[in-house]
Each structure stands twice: as C-alpha cells, then as structure tokens.
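[1] for reference, the sequence and a predicted model appear below.
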Amino acid sequence: MGNVEKCGMTVKALAFLVSAVFVSKATFAADGDGPPTAAELSEVTVTAAKMRSLEQFTPTGSRLGLSAQELPASLDVIDNDEMIGRGFFNVQQAADSQPGVTSGGSPGDQSQFSMRGFTGNQITTLRNGLYVGPSNMTSRDQNSFNVASVEILKGPASVLYGQGAIAGAINVVDKAPSFGAPQIEGLATSGSFDTMNVGLGGTTHFGDTVAIRADFSRTATGGYVRNPSNTTEATVTALWKASPTLDVQFTVDWLEDNPSNYYGTPLVPASFATDPLNGVIRGSTGQALDRRMQFVNYNVSDSYIHSQQVWPQLLVKWTPNDSLTVQNFTYYFHAHREWDNSETYSLTTVGLDGITPLPSPQINRDRFYVFHKQNLVGDEGSATYKSSIFGMANTLVGGFDYSHLNFNRIRGFPNNDLVDPFNPSPGLFGPLLSPGDLTERQSPTHWNDYAAFFEDVIDLAPQLKFVTGGRYDKLDLDRQNFNTSGVQLANSFTQDYTSNNWRVGVVYNVTDYVTPYVSWTTGKDPPGTNNIFLVNAHEGTYALSSSHQIEAGVKSRTPGGMADLVLSVYDIKRSHLLVQTSEETQATADQTSKGVEVSGDVKILSNWTVSANASYTDSVYTAFTDPSTGSNYTDVQPANIPRFTGNLWTSVRHIGGLPLEIGGGVRYLSNRPGNTANTLILDKYALVNGYASYEVKPGVLVTGRVNNLFDKNYAQWADIYYPSEVILGQPRYWELGVYFKL
C-alpha cells in the first residue's frame, strides 16, 4: 500500500507542476503577443443539450475508423460539455442519461448498470478501451471532470472486448492533449448535504512535438443518509510526436476513494410500518418501508471503505504511409481495496440465538470485512491496412490482446449485533475473527487471457458497407480458496475456457443523411452469477454462457444539422447463465430480451435545443427453476430492469440577448422487480432537474441547479445480495458553482 501512496503523491505533484506550466506558458504567450480579445477566446460550449455528431469517429464501436453513422450497432456518446452542463459529477450519472441505461449498486458494488435487459458484469466497463476485471469489483465511481466522453456500445460486444460484454460496453475516455492554444479549465461547486466538487486541468504544448494534458478533481459529500464519501482523481497524459509517422502517448491515472457507507434501508412488515413510505415499493409478501427509518444509517461508526489504484498506460502508434497503421497499447493496473462494515440489516423479533423473544423488534445487522489486492499487466496490439479488393475499398484490422492477473481476496464475517430500528447505537465494528484471517483466509485468483481478433469493412457499392469481425479467446483460470488454517479447500479449481465470437453487419446509405443498418453479433462469458473472481469449483464445471443478438436500425440527420434521430430494435437470446435465487442458491437459466431504443436532438431555434431518448425492454428468464424451492421463474423479469425509460433535456441560450442559459431535464423509470422472484417491485418515478448559467466574462460561468425539484421519494436499486433492504434515491438537491475555460 505504501508504494501506491508514493505513486499517488507523485501523480499529484506532477499534476500540480504541469498546471503550473500551463499558467506560465499561457502568460508567456500573452506577454509575447498581447492579451487575447474576447473574440479570440474559445467559446464555452458547456450546455445540457447539444446536437450529436453522427459523422464523428468513435473508437468504442470499432477499430476500423467508422463514424457513428457507418457503424452497424447502437452507440451513444455523452461528452464532457454535456456532463458538466447537466451537473453530472461521475460516470454513473452520465451513463444514466443515455437511452435505456440505469445504474445503482451498493458501496461494495459501485458500477452496477442495467442495459438491454441485463445487469452487473453482463455489461463491461472499460477505461480507454481497456478491461481490468469484473465491473462490480474493479470499477470505481470516476469523476467526470477528468473524462472527455462516456461511450456506450449496445448489444453483445465480445468480438471487441472479450468476456462480460453480453449487453454491451461502457467506455470511459480520458481527455487528450492538444497542440492548439494552451487552455486551462476548472470548476468549483457547493451544494446540499455538504457536497463539494472541484476540478482543475488543462493542456499545453512545447513546439510541434510534445503536448501535455493534466486534470485533477475531487468530489466529496456528507451524504443524505449520514453517509460521507469522496473521490480524488488525477490524470496526466503526455503525447510525443517522435516523427511525422510515430506518436508515443503515456498516461497515468491515479484514483483514491472513500465511498458511501449507506447499504440500504431495511424492508419491514407492513404491520410494523405505522408511518409507511408510500409510492416507493410494493411487496406481495407484505414488505414495506417506514418513513421513520428513511434517512437512518445502520452502519457502524468506524465503518471503512477505501481504495487506491494507479494505472499507467503506454500507447505507441506508427503510420508509415496512408495505407498502414500499427499500434500497441501496454498497461499496468494496481489496486488495493478495503471494507470493514455492517452491510445487511433485517428486522427481527428474536435474539441472536434465533430463539429468545425480544421485548420489541430490533435490527439484526452483520459484520463483514474484505480486502483486495489486484495486479494486472496487459498488452494489446493491432495493425490496420487499407486497400482495395476487386476495386472495392477495404479496411482490415488484425491484432492480439493479452493480460495476466493476480488478484487476492481476504474476507471474514464477525458476529452480528442488535440495534434499535429508529435510533440505532452506531457502535463499533469490533475485532476480526482472528489475526490469522488477514494472512490465511485467502482466495487468490490468477488468469492468463490470450486473444486474437480481426475486423473488416468493405464497400460493396458506393453506398453499401459490409462489416465483419471475429475474436478468439483462451482464458486460463486458477481459482483457489483457503480456510483460516491455511488449508486449501475442495472448491478450488483450475480451468481453461475458449470461445469464438463474431459480428456481421450491413450499412446502407440511402442518402448522405439516412442510413439503415442490420447486424448479428455473439457473446460468450465464463460461468458465475456474480463475477469470475468469485467462481468456485461447482460453478467452474458449467459451460460458457452464450448469447447472440439481431439488431436493425436507422441513423438520420437533417442536411443543415438542425435535427437527428437514431432508432434501433433488437432481439437478444442468452443461454446457460447462472442466476442468483437467494444468498446461497443459484440456478441455470436462459434469458431473452427484446426492445426498442430511440433518441434524437432538435434545434427548435438557433438558441433552443431539445435532446430526448426513450427505450422499451422486454426481458424475461426462460427455462428457469429454483432447485432449492422448486419455484418456476420462467417468464419473470430480471431484477432492476425497467420496461420503460426516458430522458428529456432542453436548453435555451442567450436569453434576452444576455449570456444566460436556462434549462432542465426529466428522467423517467417504470416499475422494476427488486428481486429474482419478482415479489418486490420498485415503483416508477420521474425526477425533474433545473439549472441556469450566466457567463460573467468570456470563458467564465456561474451556475445554479436544483435536482429532484419536487423532492420525489424513490428506490434507486435493490441489490439481490442484500434482499432485506433497498437503496433509496437522493432527495432534493441544490448547488451553486463556477466554471471557467480560458
């Protein structure tokens, strides 16, 4: 852990020094050329609603250099301007605003997304296109200030990214250095619940060969359920143009966080909830929420959640001519994470012995500690060759992907205790089971992942593109478990998994502005209901789960760029997956998911923009029976999957000829199951947000916003691993801030 701390301090110091260079270089330029005029300053484009660019190349969707309009798949992008304009200070909030995407999770499972009928590790999360492991263990709540864009590829993406990409991939792309004019940007906000967000960054260059970008940000809050949290992140990128044909880029990202310790609000019998919190959940087994418990945190006073990670990345790109590009991406990832918490809370009328009656109902809460140490080294290389075949333009990409992982997990479950439901004594975590637990109750996991891939696009006609791709993966997995005496358990195992995945698509330009497409994609995933770091021997014997998707859609825009519309329909079938039916039980099942997604932007007036999206998802399990109870769950919805989602954002700029922008948004989610059996339903809700910004001088904005304007009570998520509680959403939130880009 000391080495990570030293790395963190180094990155912080480097970020500070680079920021100082930005300031000094910008000052030098002004001294030499005279102060820039207002017209010469770049326009601050931060806004909550803007037009998308279908002509832009987005690497998340393909390595072929295809624009979003040429890609036979659904690809949604939100850039930094929109994130800042809408007040999104982390990646989860940004992803939530895209068609059919929702997020939730718990403090120990931060990056839980729902998309196209699937959740959790069936959605791969990436950083600059790189995968470091199951999202619910490895992904952190990243600050949006350091991010250039969040890009979401829908549908099975195993052809591009390997395991865990059944419903798609969410790629977080860092800001890049620029050889343009030096620029500094920053923000500072203060809001409800002692919330604070700050960011400082910028880019500069030294001649035509070296450009540097550095960003530092921190978000912190006291929390709306007495649940303080903070995330600090620094990202530094240096780009060296070693020659006209050779680029070398080095990036270091350092992140430290102390997430929220709010694991949920307990469900109680309706007879106990004398002041029910209505309109939030419905339970067919008599479950309810009590308003008296709404903002009570049942964790212990010395609860501790902490992580540090450092991620250096080296990208080398060689373009000897217009036909050939060769690049290699080498990276190392190190993370250390710790949890000491009380995480599950259930109302009980008997003592800890399970027999003795209590004078009044109490909350039985557990203890759980877990420590992670993760080291991953990887290398990805590819070559792109542009040519023609029988007179038809063709681009071919071929490459390899390799990663080696060492991951160790140590955990334990000390004794429970009982606390008052309405005024719980915080208490302390207490001792671990024994000193030996820190060194002997371990679960090391090792993998070597080898992959080879290709992509190809050929212009069969001037308006017709045929896109194909394939990937072969070989995963060597060694999963071990030891008891507190250091003896290896029988549920340890070693297994090799191999898979082949394919993508075939056709894109046809009816005109330059209307492009329909159709595609077929496949995906494969190792067994395990949670993630590959937790697979034990009885799960490891299962075959890979497999999936395939048929998708068709159309992407269109008006010639003048005043409107755009993207529509897609899809049908996904997945077989041989493991589903959690209780805390200790799992079963095999198949799953189908069909749906429609539509999104569009329109510039009603030159200064008035509206952005909207909506989705319908029909996702159900098939051939699914719980072996422990014999219950048949065929045709039930997966937990946390809404059938309908919708987002609407609007922005009016230059009101009354002033540098004033006013706007807002509405987010809607329909009812969602809160557990596998569908006996708990999270009620539908709509949240209304509003904001205003004023440019007090060129490049400087003051902002104000209110989220959840009508103070709606709602359930954000129900973690199936915490069946006795649900996570409630944030009440009304206000914020004031300043943003500058100079």
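    Noted; the coordinates are in hand. Residues are numbered from 1 along each chain as shown.

[2] rest of the way, CA atoms for contacts and neighbours
    OK.

[3] now the helices: where do they sit in the chain?
    2-33, 80-85, 91-96, 135-138, 158-161, 437-440, 537-540 (DSSP state H).

[4] worst average pLDDT in the ones you listed?
    Mean pLDDT is lowest for helix 2-33 among those, at a mean of 34.

[5] now Asp449: closest residue in space, sequence neighbours ignored.
    Computed as CA to CA, 6 or more residues apart in numbering, the closest residue to Asp449 that is not its neighbour in sequence is Leu475, at 4.5 Å.

[6] and the one you found, how far from Trp447?
    For Leu475, the distance to Trp447 (CA to CA, to the nearest Å) stands at 7 Å.

[7] now swap in Arg503 and tell me
    Arg503 is 26 Å from Trp447, by CA to CA.

[8] any weak-confidence spans in the stretch 151-300 of the chain?
    Residue ranges of the stretch 151-300 of the chain with pLDDT under 70: 164.

[9] who's in contact with the residue nearest to Asp449?
    Trp447, Asn448, Asp449, Tyr450, Asp496, Tyr497, Thr498 (CA atoms under 8 Å, 6 or more residues apart in numbering).

[10] and stretch 490-499, what's buried?
    For stretch 490-499, the neighbour count (16 or more other CA atoms under 10 Å) marks Ser492, Phe493, Thr494, Tyr497, Thr498, Ser499 as buried.

[11] looking at those, which is nearest Ser724?
    Ser492 (30.1 Å; CA to CA).

[12] hmm, Gln480 and the closest one touching each other?
    Yes - counting by CA atoms under 8 Å, Ser492 touches Gln480, with 4.4 Å between them.

[13] give me the neighbour count for the closest residue in space to Pro642 that isn't next to it in sequence.
    Spatial nearest neighbour of Pro642, chain neighbours left out: Arg672 (4.7 Å); criterion: CA to CA, 6+ apart. A count of nearby residues for Arg672, using other CA atoms under 10 Å, gives 24.

[14] how much space between Arg672 and Ala718?
    9 Å.

[15] just Tyr733 next, same as before
    Distance of Tyr733 to Ala718, computed by CA to CA: 22 Å.

[16] quick one, what contacts the closest residue to Glu70 other than its chain neighbours?
    The spatially closest residue to Glu70, leaving aside those adjacent along the chain, is Val507, at 6.4 Å (CA to CA, 6+ apart). Residues near Val507 by CA under 8 Å, 6+ apart: Glu70, Leu71, Pro72, Leu464, Lys465, Phe466, Val467, Thr515, Pro516, Tyr517, Val518.

[17] which of those fall in strands?
    Leu464, Lys465, Phe466, Val467, Thr515, Pro516, Tyr517, Val518 (DSSP state E).

[18] looking at Tyr733 and Ala718, which is more packed in?
    The residue with more neighbours, out of Tyr733 and Ala718, is Ala718; 26 against 17, by other CA under 10 Å.

[19] and the more buried one, what does it touch?
    Ala718 neighbours (CA under 8 Å, 6+ apart): Gly105, Ala639, Asn640, Gly674, Asn675, Glu725, Val726, Ile727.

[20] would you confirm that the second one contacts Gly674?
    Yes - with contacts counted by CA under 8 Å, Ala639 reaches Gly674, the gap being 5.2 Å.

[21] okay, the two: which has more neighbours?
    Using other CA under 10 Å, the more surrounded residue of Ala639 and Gly674 is Gly674, with 28 against 25.

[22] local confidence estimate at that one?
    On the pLDDT scale, Gly674 gets 94.

[23] low-confidence ranges in the stretch 551-700 of the chain?
    581-586.

[24] the strands in it, which residues?
    With DSSP state E, counting those that start in this stretch as the criterion, the stretch 551-700 of the chain has strands at 563-580, 586-605, 608-622, 644-653, 660-669, 672-673, 680-682, 685-697, 700-707.

[25] out of those, flag the one nearest Ser144.
    Of those, nearest to Ser144 by CA to CA is strand 700-707, at 17.0 Å.

[26] which strands and helices lie in contact with the closest one?
    strand 685-697, strand 733-741 (3 or more CA pairs under 8 Å, 6 or more residues apart in numbering; DSSP states H and E).

[27] identify whichever of these lies nearest to Gln142.
    The nearest among the helices and strands packed on strand 700-707, by CA to CA, is strand 733-741 at 19.3 Å.

[28] ok, of the ones in strands among the contacts of Val507, which come out buried?
    Leu464, Lys465, Phe466, Val467, Thr515, Pro516, Tyr517, Val518.

[29] hang on, the fifth one packs against Arg557?
    No - when contacts are counted by CA under 8 Å, Thr515 is not listed as touching Arg557 (9.3 Å).

[30] count residues in the vicinity of the nearest residue to Thr204 once chain neighbours are set aside, would you?
    Closest residue to Thr204 in three dimensions, ignoring its sequence neighbours and counting by CA to CA, 6+ apart: Pro182, at 4.4 Å. The tally of other residues near Pro182 (other CA under 10 Å) stands at 23.
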